[in-house]
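Q: Using only what follows, build the 3D model:
(one chain, ligands or ions: 1)
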Amino acid sequence: MSFLSVRALSKHYGPVTALDAVSLDVRQNSRTAIVGPSGSGKSTLLRIIAGFEPAASGTVQLNDEVLVDGPNAVPAHQRGIGIVSQDGALFPHLSIADNIAFGLHRRLPDRDKRVRDLMALIGLDHAMLDRRPHQLSGGQQQRVALARALARQPRLMLLDEPFSSLDTGLREQMRQAVTQILGTAGITSVLVTHDQAEALSFADQVALIRNGRLVQRGTPEEVYFRPADRQTALFLGEAVILPARLNNGTATTALGVFPTNQRASSGAAEILLRPEQITLCAPVAGQPQLEIEHAAFSGANWTLQLRLIDQPNHPPLHLRVSGIDMPPAGSRVGLAINGFAHVLGQDQVAA
Ligand SMILES: Nc1ncnc2c1ncn2[C@@H]1O[C@H](COP(=O)(O)OP(=O)(O)OP(=O)(O)O)[C@@H](O)[C@H]1O
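A: Numbers count the residues shown, from 1 in each chain. From the prediction side, this is the model:
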């Protein structure tokens with residue numbers, strides 16, 4: 001049952017088609033991440049849902065209430081939607097308490113208590129209530145922005161790249177904290193990000209947009225291991241993509257014969273393996289053998305360049321693997337493949 005329903009939403013800026021008939025369903029109490037390259041239309045979609053931008057055509061419904069029907073739209077402040085943007089946009093001249101209370105009615109009897117409860121929810125000390133935003137760290141300011149948006153008890157929370165101004169460690173920490181806060185508050189949320197790892201770890205549904213079109217949506221595991229096409233595969237993470245000949249549920253490739261996730265397909269195709277599916281092993285007679293040409297250590301992983309020994313014309317294979325005892329450059333190895341190779345479709349949208 002869809003809580004937020006977007007149907008055939010289109011938007012043009014002069015000759016630019018920012019959104020081209022995008023449809024998306026979001027379940028209540030779920031977390032959706034909209035991911036895509038820069039300029040793909042993610043923020044435009046979020047801004048139309050929020051009511052900051054009119055649509056050319058299409059509809060948006062929230063809990064069966066029509067918010068957008070072509071150019072007709074319910075005003076943003078009547079939608080019951082909260083939004084947290086990249087910079088948080090706190091009012092610099094107001095205290096933290098007043099920033100959070102901004103959305104609450106002035107005569108609300110338990111106003112102070114609501115503010116204190118929200119401070120507790122976002123994990124900030126009450127002693128910070130009298131400070132101004134510039135006296136807080138970037139991560140703390142983003143928490144306050146979230147508390148301010150939560151104060152209005154929104155039906156839906158929109159998060160527009162809310163972690164992108166934070167540095168890596170804090171980003172991860174904030175992502176976990178926000179996921180937990182939204183879960184505790186039971187609020188349906190939609191996150192826009194161009195960071196695929198962020199999308200995969202935040203959401204229970206990932207929607208991938210390219211050139212204004214929805215290319216794929218599914219669980220993080222579905223879109224990562226079974227991407228719709230080559231571009232999507234490469235966008236969502238590191239990928240080993242190989243030409244293959246399909247037959248009866250197997251793919252014959254330069255690296256060997258693997259089971260595929262599409263029994264019915266046959267003929268020439270490209271298959272995808274994620275680096276996590278590949279491990280190095282001792283060379284096996286009768287199986288393709290490889291030589292390690294370069295091995296670069298980067299802490300948790302090694303990045304290897306491998307040469308197929310019996311196929312001098314085959315391009316080198318680049319692989320990220322983990323391991324403590326890495327054989328030195330020049331060593332011969334074999335590869336073991338875990339799970340299924342995914343058969344890639346044709347790219348859905350021309351680049
Ligand atoms: N106000 C505007 N006027 C003209 N063109 C716009 C406007 N806003 C967005 N666009 C164009 O619409 C397209 C989609 O932009 P949008 O901001 O939605 O992309 P995005 O996926 O959010 O990108 P980013 O990740 O860089 O923020 C882009 O080609 C952009 O240049």
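
Q: Could you pick out the residues of the stretch 151-300 of the chain near the ligand for me?
A: residue 194 (CB under 6 Å from any ligand atom). Any C-beta I mention is one placed from the backbone N, CA and C, and that applies to glycine too.

Q: Residue 320 and residue 190: what is the separation?
A: Taking CB to CB, to the nearest Å as the measure, residue 320 falls 31 Å from residue 190.

Q: Compare neighbour counts for the two and give me the winner.
A: residue 190 (27 against 17; other CB atoms under 10 Å).

Q: which residues does that one contact?
A: 4, 26, 31-34, 46, 49, 156-159 (CB atoms under 8 Å, 6 or more residues apart in numbering).

Q: helix/strand/coil for it?
A: strand (DSSP: H, G, I helix; E, B strand; the rest coil).

Q: hey, what's it bridged with?
A: residue 32, residue 158 (DSSP bridges).

Q: is it true that residue 7 touches residue 55?
A: No: contact between residue 7 and residue 55 fails when scored by CB atoms under 8 Å: they sit 10.5 Å apart.

Q: more neighbours, those two?
A: residue 55 (26 against 17).

Q: Before we go further, the more buried one is sitting in a helix, right?
A: No: Residue 55 is assigned coil when assessed by three-state DSSP, not a helix.

Q: Residue 6 is in contact with that one, correct?
A: No: counting by CB under 8 Å, residue 55 stays clear of residue 6, with 9.6 Å between them.

Q: what sits against residue 248?
A: 263, 266.

Q: Please report how far it lies from residue 257.
A: Taking CB to CB, one finds residue 248 at 11 Å from residue 257.

Q: Name the residue most distant from the centre of the chain?
A: Within the chain, residue 285 marks the point farthest from the mean C-alpha position, 41.7 Å out by CA atoms, centre = their mean.

Q: For it, give its distance to residue 318.
A: Distance from residue 285 to residue 318, by CB to CB: 26 Å.

Q: What strand or helix carries the one residue sitting closest to the centre of the chain?
A: In the chain, the residue lying closest to the centroid (CA atoms, centre = their mean) is residue 199, at 1.9 Å. Element membership of residue 199 [criterion: DSSP states H and E] is helix 196-202.

Q: residues making contact with that helix?
A: 31, 33-35, 163, 171, 175, 179, 191, 193, 206, 220, 223-224, 235-237.

Q: 10 Å instead, please
A: Residues outside helix 196-202 that contact it (CB atoms under 10 Å, 6 or more residues apart in numbering): 31-36, 159, 161-164, 171-172, 175-176, 178-179, 182, 189, 191-193, 195, 205-208, 219-221, 223-224, 235-237.

Q: got it, and stretch 308-316?
A: So stretch 308-316 is in contact with 242, 254-255, 283, 288-291, 293-294, 304-307, 317, 332, going by CB under 10 Å, 6+ apart.

Q: before we move on, back to that, any shared contact partners between residue 55 and residue 6?
A: 19, 22, 45, 48-49, 68.

Q: Next, count neighbours for residue 71.
A: Neighbour tally, residue 71, other CB under 10 Å: 9.

Q: and what of residue 27?
A: Neighbours of residue 27 using other CB under 10 Å come to 14.

Q: Residue 157 versus that one, what's the distance?
A: 14 Å.

Q: Do a quick rundown of the strands in the stretch 151-300 of the chain.
A: Per DSSP state E, counting those that start in this stretch, the stretch 151-300 of the chain carries strands over the ranges 156-160, 188-193, 205-210, 213-218, 240-247, 250-253, 256-259, 267-273, 278-281, 290-297.

Q: Surely residue 326 touches residue 298?
A: No: if you go by CB atoms under 10 Å, residue 326 and residue 298 don't touch, sitting 11.7 Å apart.

Q: Mind checking which of these two has more residues around it?
A: Remark: of residue 326 and residue 298, residue 326 carries more neighbours, 16 against 8, as counted by other CB under 10 Å.

Q: For the more buried one, give me its contacts.
A: 280, 292, 295, 297, 302, 304, 333.

Q: buried subset of the residues you listed?
A: 280, 292, 295, 302, 304, 333 (16 or more other CB atoms under 10 Å).

Q: separation between the second one and residue 264?
A: In this structure, residue 292 and residue 264 are 37 Å apart, going by CB to CB.

Q: The lowest-mean-pLDDT helix or strand in the chain - contacts with which helices or strands?
A: Using mean pLDDT, DSSP states H and E, the weakest-scoring helix or strand in the chain turns out to be helix 168-185, at a mean of 81. If you count contacts as 3 or more CB pairs under 10 Å, 6 or more residues apart in numbering; DSSP states H and E, helix 168-185 packs onto strand 31-35, helix 111-121, helix 138-151, strand 156-160, strand 188-193, helix 196-202.

Q: returning to that earlier point: quick check: neighbours shared by residue 7 and residue 55?
A: Common neighbours of residue 7 and residue 55 (CB under 10 Å, 6+ apart) are 22, 68-69.

Q: Now narrow these to whatever sits close to the ligand.
A: Near the ligand, by the rule CB under 6 Å from any ligand atom, you find none of the shared contacts of residue 7 and residue 55.

Q: wait, what's in contact with residue 183?
A: Taking CB under 10 Å, 6+ apart, one finds 29, 31, 189 in contact with residue 183.

Q: Ignoring the adjacent residues along the chain, who's closest to the last one?
A: Of all residues beyond its chain neighbours, the one nearest residue 189 is residue 157 (4.3 Å), with distances taken as CB to CB, 6 or more residues apart in numbering.
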